[in-house]
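Chemist: how does the following fold in three dimensions:
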Amino acid sequence: MQESFNSFPIRIDESRTARYRWENKPVIGSVLLDSMEDSATWQHIGVGEMTFTSERSVDGEKSLRLISKTKRKVDRDPEDRASYGRPFGEAVARRVFNGEDWRAYNRLSFWVYPTLPGFRVISMYVVLHNDGEIKIPDSYEREGLHFFLLKPDQWNHVVWEIASLPRDKVTAVDIIYRMQGNEPGATDTVIFDIDRLELQKVEADYYEGWGVAPGRISYSHTGYQAGSVKNAIASGIKASEFSVINTDTNETVLTKPIEIKKSHIGEFQFMDFTELDDEGSFIIRAGDVETQPFRIDKNIWRGTIWKTINFFFCERCGFVVPGIHGNCHRDWQCEHGDKKIIINGGWHDAGDLSQGVGNTTEATYAMFHLARRVKESDPELYEKLIEEGKWGLDWILKTRFGDGYRSVWATMDFWTDGIIGTYDDITFKALNIPFANFDTAASEAIAAMVLKDEDPVLAFYCLNAAKEDWQFAIDSLTASDYSRTHRYYPDVQLNGTGALASVELYRATGDMKYAEKAFEQAKMIINCQQITAPDWDIPLTGFFYENPDKDMILHYSHLSQSQAPLVALAELLAEFPNHRDWADWYRCIALYSDYLMRITEYTWPYGMFPASIYKIDESDTPTYREQVENGVRLSEGYYLRLFPVWYVFRGNNSLILSDAKALSSLARIRRNTSFLELCQYQLQWCVGRNPFSQSLMYGEGYDYAPQYTAMSGDMVGSLPVGIQTSREKDIPYWPVNNCYNYKEVWVQPSARWLWLMSDLAGTAKVTGKVGPCENVEFLNMITGKTASIKAGDNGEFSADLPQGKYTVTYGSLKKSITLVPGEDYSLDLKNFFSIVKKSVSREGGKLAVELEAVTNCALVLDLKGSNISFEKERIEVAPTNGSSVSITIRGRIIDENEAHIGVIIPNGNIKELLEI
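Modeler: Numbers count the residues shown, from 1 in each chain. Below is the predicted model of the structure:
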């Protein structure tokens, strides 16, 4: 089903939101805390003023009124990264309590009437203060805070479930307005009337644990890719079987027993319906629990692509976005010596209005990468990707000073007046960062190639900028201040980003100097990898260290670049199949992809990618050791954390989507659909197949919760930073509280989502030629479904098939092929061949591999090995005339302590490779 969206911003279906469900929960019990008739228990803190008004009320005669200006002149130090560009102050109405025990209740309720003429988006937040055994707000000022949006000129009912929060000794509730400026033409004085503060008891949402929320089924709200694995998960449902019902016909199309699965994280009810592969709309029913409708479709993720582009459109800076803001931040500047640039444009980075080159550049790259992929198959989507990609590209080009310096990061957390020279101006200094210049070079180079025919002037500009930025990065890395300029970036990440830029520039120019640099950078990547089995109780290989010295395992907290080295190697493998280091590159990606598969066993059946391996003594930061020890013990001093060790910044969408991008790239090279299935699980986690059965993508699926987006409001397609953990634990924690940064909208995971779609969305196109009107059958080995394709009168056939491993049958010929999304696969049945690996034997350091081959053509097998020396590097096989022939490949492992791998490439076709 092709889903299209005629205009942006896309409208939100409020009935599908978690907020709608919360507001309609039955109240089991309640206590009125304050009717706003008496000022004795209220305090005013901060800016503005607090009064009581008889102008309006929900009940009684009065309501509390909070009045404030939207901004004020404050001293700002541009070197103070914590405060520069942040709000001007806060107006706080505090209700004081005498250490009350609220544990019998779990929800706060109050009403707010905002008067802010000219404002498009209105936000406030509420804070719960507890002075009991566990104090909140916590030391990070995250727990105990809840942000909410308001509709203007009407009473808004605000409800906040506090079941996840300590409340044994409550001392205060704050209702707060933050001074975040105003757009030109809007009021500079805001008024909030507040009434009827109430403590309530409701059936609280499930907020922590690996088990599925009671009374729910964890499933992909978007649906499932046809041709792929399909399953759902539950905990404690009173049923022994489940059914899948077609919502169009109301027909039960499948009934099966519920399986019980045990894993490291618990016991689960598992519902597998992989064999159901007809396209359509369905629900799952088990006992008295059923899901909302979802689809099975060959192009299941297409709608999420449109919604993600919508999110970027809504985050545009310096552009009139209907219902969100006008042409904003025309006085935002970056300076470099005596030069200045106005840096509005691109996309606001997150729930605030900041701008950074990293996320903007990577989003732009993802858009052009995906546009190139869908140009022929989906012209409508192509045009929209190009349009939005150009918006990001314009900012990348306009914010460079032409000497390596550019706007790298600029905090912005308020609306400005657009007039240069007033006190709300924010000016950041330009920086020369090699990582940033590699990043921009890659985006500029791919844009130059994609736009070459339709916009040659812009393409020329992009290519020149790409060459310059790449050279600036190289020059900086060879300068005397090398360690200072790249200090934020581990060697493996820096060289991964650099290698991708180098490959893209080689493709754009054909200049071998870029290729040679990519080869050099690839060596650095390989030297950072664990390739020997450590002496652990649970030995793992394939993970990376920050540098070749291997003194620090590579970790990411909430912002991950784990894909950087792997995507670069995948591009090198595809572009340079005859390079002398090809097998070593291949071993590197094989080790990492196998590592991901291995560690994901610990989060089964969700299949969420775990975070990283941690060494117990690598940090003396408070709580570090306790967090590490809550992970999976691998050996004395080493643990695998399912979620990162983290502090202020929490949420793992970037981690799982970055690893998914790495693995999806490697799956295409290794021809492994199991890897693609695992990548699909990361997408499904984000759209409902998680313990809370909530979609994390706003406007996609069901029960999507409010996200921290205080300035731009709710936006269809936004992804938050992600599910977090509570304190030092290593289990999912997703409370109702809406606070930065775990529930903050962020363009970074959305950029990863788009980049992933290049590998995961859509079908493969298979073409070939047989006899006129003859049939070719494709049996999907995952679903068991057979597609019979009939050739035309000229013998040519074409089919769009889902990803998967297929057995192709044509007459007496049988052949196994692997199809991946977005690929053109030419099936040559005239020059047919089939190779099957029968056995692999090892005696000491010697290897023997037995193959069976059938071929109608002369067959050349090229052998490539990493840490393997083959007796022959090429084997030639004559046509077998329909019979099979046995082939023995012999080799020797060079170093038995290191990982080894061999690859057979038939007739130079990497799509037919076979691992040994």
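
Chemist: so what touches the helix ranked longest in the chain?
Modeler: Criterion DSSP state H: the longest helix present in the chain is helix 456-477. Applying Cβ atoms under 8 Å, 6 or more residues apart in numbering, the contact partners of helix 456-477 are 390, 393, 396-397, 400, 402-404, 432-435, 437-438, 440-442, 444-445, 447-449, 451-452, 482, 485-486, 498, 501-502, 504-505, 508-509, 514, 517. In this view, the C-beta of every residue, glycine as well, is placed from N, C-alpha and C.

Chemist: Glu520 versus the residue lying closest to Asn881 once chain neighbours are set aside, what's the distance?
Modeler: Spatially, and ignoring its direct neighbours in sequence, Asn881 is nearest to Asn856 (7.8 Å; Cβ to Cβ, 6 or more residues apart in numbering). With the distance defined as Cβ to Cβ, to the nearest Å, Asn856 ends up 43 Å from Glu520.

Chemist: for stretch 257-276, which outside residues touch it?
Modeler: By Cβ under 8 Å, 6+ apart, the residues outside stretch 257-276 that reach it are 210-212, 217, 228-237, 239-242, 244, 253-254, 256, 282, 284, 286, 296, 601-606, 632, 642, 731, 782-785.

Chemist: ugh, wrong one, stretch 232-246
Modeler: 211-212, 214-220, 251-258, 266-271, 273, 276, 280-289, 291, 605-606, 689.

Chemist: mind listing which of these are in strands?
Modeler: 251-257, 266-271, 280-286, 289 (DSSP state E).

Chemist: which of those are buried?
Modeler: Buried by 16 or more other Cβ atoms under 10 Å: Phe268, Gln269, Phe270, Met271, Gly280, Ser281, Phe282, Ile283, Ile284, Arg285, Ala286, Val289, out of the ones in strands among the contacts of stretch 232-246.

Chemist: please name the nearest non-neighbouring residue to the second one.
Modeler: With Cβ to Cβ, 6+ apart as the criterion, Gln269 has its nearest non-adjacent residue at 4.3 Å, and that residue is Ala234.

Chemist: burial check on the one you found, number of neighbours?
Modeler: Using other Cβ atoms under 10 Å, Ala234 has 26 other residues around it.

Chemist: look up how far Pro691 lies from it.
Modeler: Counting by Cβ to Cβ - Ala234 and Pro691 are separated by 11 Å.

Chemist: spit out the residues that contact those two alike.
Modeler: With Cβ under 8 Å, 6+ apart, Ala234 and Pro691 have common neighbours Val212, Ser218.

Chemist: now do the contacts for Lys25.
Modeler: By Cβ under 8 Å, 6+ apart, the contact list for Lys25 reads Val159, Val202, Glu203.

Chemist: same question for Trp347.
Modeler: By Cβ under 8 Å, 6+ apart, Trp347 lies in contact with Phe312, Glu315, Arg316, Cys317, Gln355, Asn359, Thr360, Ala363, Trp391, Gly392, Trp395, Val747.

Chemist: give the closest residue to it in space, chain neighbours not counted.
Modeler: Spatial nearest neighbour of Trp347, excluding adjacent residues (Cβ to Cβ, 6+ apart): Glu315 at 4.2 Å.

Chemist: ok, now how distant is the residue nearest to Asn881 from Leu116?
Modeler: Taking Cβ to Cβ, one finds Asn856 at 76 Å from Leu116.

Chemist: who has more neighbours out of these two?
Modeler: Each of Asn856 and Leu116 has its neighbours counted (other Cβ under 10 Å); Leu116 has more, 20 against 17.

Chemist: give me the domain ranges for this structure.
Modeler: Per automatic domain parsing, the structural domains of the chain span 26-201, 764-827, 834-915.

Chemist: and the last one, end to end?
Modeler: Counting by Cα to Cα, to the nearest Å, you get 14 Å between the two ends of domain 834-915.

Chemist: begin at 451 from here
Modeler: Will do, 451 is the new start, and the previous item becomes domain 1284-1365.

Chemist: centre of the chain to that domain, how far?
Modeler: With Cα atoms, centre = their mean, to the nearest Å as the basis, domain 1284-1365 stands 38 Å off its chain's centre.

Chemist: do the same with the longest one
Modeler: Taking Cα atoms, centre = their mean, one finds the center of domain 476-651 at 32 Å from the center of the full chain.

Chemist: over to stretch 1139-1156?
Modeler: 14 Å.

Chemist: averaged pLDDT, it. What do you get?
Modeler: If you average the pLDDT over stretch 1139-1156, you get 98.

Chemist: that older thread, determine which two of the buried ones among the ones in strands among the contacts of stretch 682-696 are furthest apart.
Modeler: Phe718 and Gly730 (26.4 Å; Cβ to Cβ).

Chemist: confidence-wise, which helix or strand of the protein is lowest on average?
Modeler: One helix or strand of the chain scores below all others by mean pLDDT, DSSP states H and E: helix 932-935, with a mean of 60.

Chemist: pLDDT weak spots in this structure?
Modeler: Applying pLDDT under 70 to the chain flags residues 451-454, 930-937.
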